[in-house]
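Visitor: got a sequence here, can you model it:
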Amino acid sequence: MPGLTSDSDVQAIAFSKDGAAIAGMCSDNKVRLWDARSGTLRHTVALNADERLAAMPTGTGMIAVTAKDGAVEFRELETGHTSKKFPAVSRASRRSTISPSSMVLARSTREAGNSRDEVMRLWDPAGKERFAVPAGIGGTSALAVSPDGKLLAAGSYDTDVRIWNTRDGELVRRINEVLVATFAMEFTPDGKFLVTGGVDRTLYFWDTQTWKLARKLSGQPEMISAIAIAASGRHIATGGFSEFTQERPVKVLLWDTGSNAVVRSFDAPRIVQSLAFSPDGAMLAASWGKKAVQVWSV
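Guide: Below is the predicted model of the structure:
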């Protein structure tokens, strides 16, 4: 399938709701929208100079944008029109995620004057802060919200994965069985598993009822930097990065969840920053921080 070219480095990607377009957040502070089949640039949405992209979940048709004062807006991907605003959010964020199902916003922050401890905060759809809870030491390395919006998961550079109830911030589980940092995580579409990956090149499937390890898959040649799961749950894609340099060529692997086997392998020129399946699972897109997006037929 055709690769997509950009006038600016593409940092994160997502498919539109109907899967006909691919959006890319670029380093020139613009969101570009390409036709997924032809690679033609449809249009560009420019953010203001004092705004930054906070999150762009695939298949939702939305982006979350942070202003200089910390306010967050949910905007329609196609038009740039604001659909929701969080005016009360005023703290600088290190990582953010949004839940399309429940319209909540989660952000990891650090308190002024504290260079170690991370705090996880969550705001409800009305913009009211529900909770602020400890989130580890050294920074948040990955974030994910369950499909039903009831659970928030975060990986930390202290190597633990924490799961909170989004209703009140109760710590549901602290996973400390993995002794290395987690860089990517996604809930399966049915919500039955949290899939994590990181330094040790292994995919871990955590049962969301018991929080026990259900299975693990090994085979990624490099440390795992990105995970995407098809809406059917049939396929998982992983992208890697080298511990020596971000510029070293790496692999994107396509896993079959039924056989637990790698069924396709694609080449990437450097660290894989973002992966996304089309809503029908027929296409897989990848970005690696350069002026291109690669699209493969699954």
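Visitor: tell me how far stretch 139-147 is from the chain's mean position?
Guide: The chain centre lies 8 Å from the centre of stretch 139-147; the measure is C-alpha atoms, centre = their mean, to the nearest Å.
Visitor: next, count neighbours for the nearest residue to residue 4 once chain neighbours are set aside.
Guide: Leaving aside its chain neighbours, residue 4 sits nearest to residue 293 (4.1 Å; criterion: C-beta to C-beta, 6 or more residues apart in numbering). For the C-beta atoms, the positions are set from N, CA and C on the backbone; glycine is no exception. Neighbour count for residue 293, taken as other C-beta atoms under 10 Å: 25.
Visitor: isn't residue 63 right up against residue 52?
Guide: No: assessed by C-beta atoms under 8 Å, residue 63 is found out of contact with residue 52, at 10.8 Å.
Visitor: picking up where we left off before, counting neighbours, which bits of the host helix or strand of the residue nearest to residue 4 end up buried?
Guide: If you go by DSSP states H and E, residue 293 is part of strand 292-297. The neighbour-count check on strand 292-297 (16 or more other C-beta atoms under 10 Å) flags 292, 293, 294, 295, 296 as buried.
Visitor: please report how far residue 176 lies from residue 193.
Guide: For residue 176, the distance to residue 193 (C-beta to C-beta, to the nearest Å) stands at 18 Å.
Visitor: for the two, indicate the residue with more neighbours.
Guide: More crowded of residue 176 and residue 193, by other C-beta under 10 Å: residue 193, with 21 against 11.
Visitor: just give the closest residue to that one, not the sequence neighbours.
Guide: Nearest non-adjacent residue to residue 193, counting by C-beta to C-beta, 6+ apart: residue 205, 4.6 Å away.
Visitor: now do the same contact list for that neighbour.
Guide: 193, 194, 195, 213, 214, 215, 216, 217 (C-beta atoms under 8 Å, 6 or more residues apart in numbering).
Visitor: repeat the analysis, applying 10 Å as the threshold.
Guide: When contacts are counted by C-beta atoms under 10 Å, 6 or more residues apart in numbering, residue 205 touches 188, 192-196, 212-217, 236, 257, 260.
Visitor: show me the contacts for residue 53.
Guide: By C-beta under 10 Å, 6+ apart, the neighbours of residue 53 are 11-12, 25-26, 29-31, 47, 63-66, 75, 96.
Visitor: below-threshold pLDDT in this protein: ranges please.
Guide: Along the chain, segments meeting pLDDT under 70 span 1-2, 58-59, 87-93, 112-115.
Visitor: where exactly do the strands run in the stretch 51-200 of the chain?
Guide: Using DSSP state E, counting those that start in this stretch, the strands of the stretch 51-200 of the chain run over 52-55, 62-66, 72-76, 82-86, 95-99, 104-110, 117-123, 129-137, 140-145, 151-156, 161-165, 171-175, 182-187, 193-198.
Visitor: dump the ones you listed to a markdown table, plus distance to residue 40.
Guide: A markdown table is the format used below for the strands of the stretch 51-200 of the chain (distance: least, C-beta to C-beta, whole Å):
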| stretch | distance to residue 40 |
| --- | --- |
| strand 52-55 | 23 |
| strand 62-66 | 21 |
| strand 72-76 | 21 |
| strand 82-86 | 26 |
| strand 95-99 | 28 |
| strand 104-110 | 33 |
| strand 117-123 | 37 |
| strand 129-137 | 42 |
| strand 140-145 | 32 |
| strand 151-156 | 37 |
| strand 161-165 | 40 |
| strand 171-175 | 44 |
| strand 182-187 | 29 |
| strand 193-198 | 33 |
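Visitor: ok, which of these comes nearest residue 20?
Guide: Of all the strands of the stretch 51-200 of the chain, strand 72-76 sits nearest to residue 20, with 15.2 Å by C-beta to C-beta.
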